[in-house]
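**Q** next comes the sequence, and after it the predicted model I'd like to discuss.
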Protein chains: 2
Amino acid sequence: MKAAVFDSGIGGLTVVKSLLEHNLFDEIIYFGDTARVPYGIKDKNTIIRYSLEALEFFKNFDPDILIAACNSVSAYAIEELRANAPFPVVGVIEPGVLALKRRSIPKNSDILIIGTKATINSGKYQRLLKKEGFFNIDSKATGLFVPIVEEGIFEGELLDAALRHYFADTKPPKAVILGCTHFPLIADKIRDYFGSETILIHSGEAIVEHLEREFEVKKRDKQCSLKLFASESPQNLKKIAGLWL
Amino acid sequence: MKAAVFDSGIGGLTVVKSLLEHNLFDEIIYFGDTARVPYGIKDKNTIIRYSLEALEFFKNFDPDILIAACNSVSAYAIEELRANAPFPVVGVIEPGVLALKRRSIPKNSDILIIGTKATINSGKYQRLLKKEGFFNIDSKATGLFVPIVEEGIFEGELLDAALRHYFADTKPPKAVILGCTHFPLIADKIRDYFGSETILIHSGEAIVEHLEREFEVKKRDKQCSLKLFASESPQNLKKIAGLWL
């Protein structure tokens, strides 16, 4: 089984990491739109246009499924991708909400969604959580975590200052949805900040659960082959994949 | 006299601000490539391609001069813009170096260049400074200042942490070249960090001096008309122009 994985840049590699750990595919074709990254500061029409261009690229590989491993794409372009793809398309937002639902926490729990400006402004997580009965939902665009992670900063004074910048007035929630594929790389620090009682929802783990449940994708016997493509600096993507995966 | 001003996003507005303060043009056409911002993390070929596309847009307005108000463009695409433009093209790097030279500081002074990864890696400031006889040149890619400024943070704990992150091991230089058009917005904090002895070179002021000296552009009598264009969210660009200008 062959999966196409699409991200605006390198963040989707955290989703690939989860897919590889569970060995769900024979082959993964990853494309990061590094020439136009980041999407999270861009508007809906731009994200849709770029996503449909990526879809045309993936069609050449005839994948069995397309995984939009980018919350900004999942927030704005998933319907357009589905309408134009000859294969199933899954994003990371619905699986994230369903993963939270399966934790069986009370519906009045404080839920905090963090993500890029595009993801938060789309209101998609908020709508889906509300539909599942959650009503104490807070959301925060924490866009600076993206360049901080891309700078290779996973701990230290600057990250601590950024955590305080965003969360100084936020009391520890019951659950935090990491609504950006860069954030699992600083998940430990987010947990340290809010305390060990707070549940973190990670897009990569959520999508693995979703694929196993909804698509009945099973663990493979042989090792997955991973092909990496980028719209610029593919060698840089490969270097980061070497570090992260 | 009509000037075209090109930037990857909103940072070039700090150059527009200097141009308006000196009222050098009857009309300014500004284009920010907000759909593909930032350029400073991208590679040479991508920056050249995007710059030549912007040039085609500007040709429709028949400007008298094109100002590349973006250090990453000035670092990588200025020759290509010149080769393809039917009007003069000036970047911000040469004017910045010449502005420093006119300060008549000793050639052995410590000079620090800060900018995006693209600008610093191009080595263009370093080469031009060396050509002018400076030899104690240090450079640092301080890319996080860009999203910090775009987040609207101009002071406070997070910016202080970022300053320490980049400059903890840097002794106060004689001069700092602000090699990114976002940085004038945090110039006060950079000066506070290094002390009042440190000279700061600002792209906007440098280009005004350059236009006055090399192109004999003179102060106008009537007010400049400013037209703003963006490859996405032009209303956001207008809002920021309202705040900054």
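**A** Thanks, I have it.
**Q** how about the residues of chain A near chain B?
**A** Within reach of chain B by CB under 8 Å from any CB of the partner chain, chain A has these residues: A:34-37, A:41-43, A:45-46, A:143-144, A:146-148, A:150-151, A:153, A:156-158, A:160-162, A:164-165, A:231-233. Placement of C-beta: from N, CA and C, glycine included.
**Q** now with 6 Å, please.
**A** Chain A comes close to chain B at residues A:35-36, A:43, A:46, A:144, A:147, A:151, A:157-158, A:161-162, A:165, A:232-233, as judged by CB under 6 Å from any CB of the partner chain.
**Q** what about these, which are in helices?
**A** For the residues of chain A next to chain B, the ones inside helices are A:T46, A:P147, A:E157, A:L158, A:A161, A:A162, A:H165, with DSSP state H as the criterion.
**Q** who wins on neighbours among those?
**A** A:A162 (24 neighbours; other CB atoms under 10 Å in any protein chain shown).
**Q** thought that one was touching A:L144?
**A** Yes. A:A162 lies in contact with A:L144 (CB atoms under 6 Å); the separation is 5.4 Å.
**Q** that older thread, between which two of the residues of chain A next to chain B is the distance greatest?
**A** The largest separation in the residues of chain A next to chain B, counting by CB to CB, is between A:T46 and A:E157 at 34.3 Å.
**Q** from the centroid of chain A, which residue is nearest?
**A** By CA atoms, centre = their mean, the mean C-alpha position of chain A lies nearest to A:T181, the distance being 3.6 Å.
**Q** ok, now which ones touch that residue?
**A** Going by CB atoms under 6 Å, 6 or more residues apart in numbering or on different chains, A:T181 touches A:G11, A:G12, A:T14, A:V15, A:A69, A:S203.
**Q** can you tell me the closest non-neighbouring residue to the residue of chain A found nearest chain B?
**A** Going by CB to the nearest CB, chain B is nearest to A:A161 of chain A, at 3.9 Å. Excluding the flanking residues, the one nearest A:A161 by CB to CB, 6 or more residues apart in numbering or on different chains is B:A161, at 3.9 Å.
**Q** distance of that neighbour from A:I190?
**A** Note on B:A161: its distance to A:I190, by CB to CB, to the nearest Å, is 17 Å.
**Q** in chain A, which spans are strands?
**A** Applying DSSP state E to chain A gives strands spanning A:2-7, A:27-32, A:65-68, A:89-90, A:110-115, A:136-141, A:175-179, A:199-202, A:225-230.
**Q** dump those into CSV; add mean neighbour count, mean pLDDT and distance to B:I65 as well.
**A** Formatted as CSV, these follow (neighbours: other CB atoms under 10 Å in any protein chain shown; pLDDT from 0 to 100; distance: least, CB to CB, whole Å):
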stretch, mean neighbour count, mean pLDDT, distance to B:I65
strand A:2-7, 26, 98, 40
strand A:27-32, 23, 98, 37
strand A:65-68, 26, 98, 43
strand A:89-90, 23, 98, 47
strand A:110-115, 25, 98, 42
strand A:136-141, 16, 98, 38
strand A:175-179, 27, 98, 45
strand A:199-202, 19, 97, 51
strand A:225-230, 16, 97, 36
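**Q** a markdown table please, covering those strands and showing distance to B:L52.
**A** Shown next, in a markdown table, are the strands of chain A (distance: least, CB to CB, whole Å):
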| stretch | distance to B:L52 |
| --- | --- |
| strand A:2-7 | 27 |
| strand A:27-32 | 24 |
| strand A:65-68 | 31 |
| strand A:89-90 | 34 |
| strand A:110-115 | 34 |
| strand A:136-141 | 33 |
| strand A:175-179 | 36 |
| strand A:199-202 | 41 |
| strand A:225-230 | 21 |
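**Q** circling back to that earlier point, quick check: the residue of chain A closest to chain B touching B:G156?
**A** No. Using CB under 6 Å, A:A161 is not in contact with B:G156; the gap is 8.6 Å.
**Q** look at A:V92 and report its pLDDT.
**A** The model reports A:V92 with a pLDDT of 97.
**Q** now the spatially closest residue to A:S8 that is not a sequence neighbour: how far from A:D192?
**A** Once flanking residues are discounted, A:S8 sits nearest to A:Y39: 3.8 Å by CB to CB, 6+ apart. Distance, A:Y39 to A:D192, using CB to CB: 28 Å.
**Q** again, but for A:V176
**A** On the measure of CB to CB, A:V176 and A:D192 end up 12 Å apart.
**Q** do A:A118 as well
**A** To A:D192, A:A118 is 27 Å away according to CB to CB.
**Q** more neighbours, these two?
**A** It is A:A118, of A:A118 and A:D192, that has more neighbours when counted by other CB under 10 Å, with 26 against 13.
**Q** list the residues that contact that one.
**A** A:A118 makes contact with A:G40, A:S72 under the criterion CB under 6 Å, 6+ apart.
**Q** the same query, at a cut-off of 10 Å, please.
**A** Neighbouring residues of A:A118 by CB atoms under 10 Å, 6 or more residues apart in numbering or on different chains: A:8, A:38-44, A:46-47, A:70-73, A:75-76, A:141, A:143, A:180.
**Q** pretty sure A:E27 contacts A:M1?
**A** Yes. A:E27 lies in contact with A:M1 (CB atoms under 10 Å); the separation is 7.8 Å.
**Q** what touches both of the two?
**A** Residues touching both A:E27 and A:M1 (CB under 10 Å, 6+ apart) are A:P63, A:D64, A:R220, A:C224.
**Q** how close does the last one get to B:L66?
**A** Meaning A:C224. Separation of A:C224 from B:L66 (CB to CB): 49 Å.
**Q** A:G204 is in contact with A:L245, correct?
**A** No. Applying CB under 10 Å as the test, A:L245 and A:G204 come out as separate, 11.3 Å apart.
**Q** send the alpha carbons of stretch A:42-60 over as CSV?
**A** Output of stretch A:42-60 as CSV, limited to C-alpha atoms (Å, rounded to 0.1, in the frame of the first residue of the first chain):
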residue,chain,number,x,y,z
LYS,A,42,-1.3,32.5,4.4
ASP,A,43,-5.0,32.8,3.4
LYS,A,44,-7.5,30.2,2.4
ASN,A,45,-7.4,30.7,-1.4
THR,A,46,-3.6,30.6,-1.5
ILE,A,47,-3.6,27.3,0.6
ILE,A,48,-6.2,25.7,-1.7
ARG,A,49,-4.3,26.7,-4.8
TYR,A,50,-1.0,25.3,-3.5
SER,A,51,-2.7,22.1,-2.3
LEU,A,52,-4.3,21.4,-5.7
GLU,A,53,-0.9,21.9,-7.3
ALA,A,54,0.6,19.4,-4.9
LEU,A,55,-2.2,17.0,-5.8
GLU,A,56,-1.2,17.1,-9.5
PHE,A,57,2.3,16.1,-8.5
PHE,A,58,1.1,13.2,-6.4
LYS,A,59,-1.2,11.9,-9.2
ASN,A,60,2.0,10.8,-11.0
